[in-house]
Each structure stands twice: as C-alpha cells, then as structure tokens.
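# here you go, sequence then predicted model.
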Amino acid sequence: MSTITTKDGTTIFFKDWGPKDAQAIVFHHGWPLSADDWDAQMLFFLDKGFRVIAHDRRGHGRSSQTATGNEMDTYAADVKELAAALDLKGAIHVGHSTGGGEVARYVARADPGRVSKAVLIGAVPPVMVKKDSNPGGLPIEVFDGLRAALAANRAQFYRDLPEGPFYGYNRPGAKVSEGVIGNWWRQGMIGGAKPQYDCIKAFSETDFTEDLRAIEVPTLVMHGDDDQIVPYADSAPLSVKLLKNGTLKTYQGLPHGMCTTHPEIINPDLLAFFQS
C-alpha cells in the first residue's frame, strides 16, 4: 500500500499507476469519499498512456482518521507534500466537489513548475454558504442539517445521499445503480466520522475567491446544471469569472456525480482539454 507521512504525522494513502515519465494527472475526490471514486477516470486515462494518481484526503478512505487539520489549508498542504514526494512536474490536477476546492487552494499555492492545468468538476468554489457577499449561496441551516444527519445515523445518511440527490437518482426516469449506491456507502463508511463532520464546514464555508484569482494555469470548469448538491448558478459561472484562464463547460441535465454516471461524456471532454 502506497503512503506518505506528512509533517504532522498523518498517513496519506495514494494510488500511482502508469509510467513515471508520462503526463501525470492527480485526482482529488469529493466528500466523504476516497480515491476509489475516480475508478472510471483512472482506468480510462491509464489506458491512454497517462500516469494517474489519486489520494485519500486525510480523515477519508485509507488515510489517517485525523482529529485535527480537517480544513482546506491543511488539505492543500498535504497535496503539496504528496507532489513533492512524487516529484511531480507539470501535473494536471482534477477535483470533484470538495476536491475542486482542494485543487483551487493547492494550485494557487503550488511550487513553481508543479502544475500545468487544472479542472474543477461540480466544485464547491467560489463559496457555498449564503452570506452578504454571496447572496445566492445555500443557508447555513442546510449544512447544519448535514452535520445533524451524520451525527445521528451516519450509516443511513450515507445511503440516503447517493440513492437520492448525489447521482440524480431521485429524478423521474433515472437509471439507478445499486452497485454505485453501495460503493458510495462503502467509501464513506471507511473514513472517520469526526474528520468527515469537520469537512462539512471546510467545503461549505471556505471562500476560494482569492485562490481562483491567483491561478495562472488553464482551468476547465465542468458542471451539470441539474447538480442538487452544489447548485450550478452559484458555483461554476462565478468561478470562471474569477479565473485568469478559465473555460466553462455546462452539462444539461447531468447530476453532481456525473463522472460516475456519465463517464462516456466526461472522460472524452477531459482528454480533449488535457491534449489541448
């Protein structure tokens, strides 16, 4: 099992497949999942000759169930240590949901030469929670409800989310996959309850405005307009306006978990961006 140990003693699990001299793609998963959420992308791009890397964020998956450091600054610092340990140069960083926030914070602070491109998919930036400077955001009560549901019955909560809004399985005519629902539950339950609880604050209240403004590399922003987890109007279009070199690609009718439900659409679009 491949791991690094960070400066504060946290074990970070990661996968690293493919030729070490090939173009590296680093995948950053959403809450409360793990590197396994990228299976459909990892295998696709490995077959295309890329080096594919994905880590379990601290507190998630097979990484340490940390009591502290469950916030964006530390998440980004962990990625910085991983990039240094693997000596990545010109890597492409792809983040989904919370992982998109992690990518924004990391890329804005990355060592020179480490990053060539970035992708934000159904991502939480610029900021999710409603406040005076973000009137279109979601009320804090929404995130209080997530915390309450996690604390009351995490196992049931982690069934309800994937079988409902995460993959759009609550929409009429949706093609529901019990395997996908079970895999979401499996990934979530492997992680720690406290770090996952803390992460709700990290993904909902962190303001990534200045991170987005600081990013110089070409950045693709992909978002489904039927995203019931990270509402489209308050995320992707606003992020693109803040990026120096951003491109927006909107997917009509696709859900938050579109990388899993529609890889046949998402993967070729990613490949085209990587090769551009």
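The structure has been received and is ready for your questions. Model, not experiment: these values are computed from the prediction.
# tell me the contacts of Thr66?
Counting by C-beta atoms under 8 Å, 6 or more residues apart in numbering, Thr66 touches Thr10, Arg58, Gly59, Gly192, Pro195. The C-beta positions use only the backbone N, C-alpha and C, and glycine is treated the same way.
# need these in JSON lines (columns: pLDDT).
Shown next, in JSON lines, are the contacts of Thr66 (pLDDT from 0 to 100):
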{"residue": "Thr10", "pLDDT": "98"}
{"residue": "Arg58", "pLDDT": "98"}
{"residue": "Gly59", "pLDDT": "98"}
{"residue": "Gly192", "pLDDT": "98"}
{"residue": "Pro195", "pLDDT": "98"}
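# tabulate those residues (JSON lines), appending distance to Glu178, neighbour count and secondary structure.
Below are these laid out as JSON lines (distance: C-beta to C-beta, whole Å; neighbours: other C-beta atoms under 10 Å; DSSP: H, G, I helix; E, B strand; the rest coil):
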{"residue": "Thr10", "distance to Glu178": "34", "neighbour count": "20", "secondary structure": "coil"}
{"residue": "Arg58", "distance to Glu178": "30", "neighbour count": "27", "secondary structure": "coil"}
{"residue": "Gly59", "distance to Glu178": "27", "neighbour count": "26", "secondary structure": "coil"}
{"residue": "Gly192", "distance to Glu178": "26", "neighbour count": "20", "secondary structure": "coil"}
{"residue": "Pro195", "distance to Glu178": "27", "neighbour count": "23", "secondary structure": "helix"}
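# need the max-distance pair from those residues.
Thr10 and Gly192 (11.6 Å; C-beta to C-beta).
# check which helix or strand Met42 maps to.
For Met42, the host element (DSSP states H and E) is helix 39-47.
# ok, now Thr260?
helix 258-261.
# give me the residues contacting that helix.
Outside helix 258-261, the residues that reach it (C-beta under 8 Å, 6+ apart) are 37-38, 40-41, 96, 121-122, 167-168, 180, 224, 251, 254-255, 265-266.
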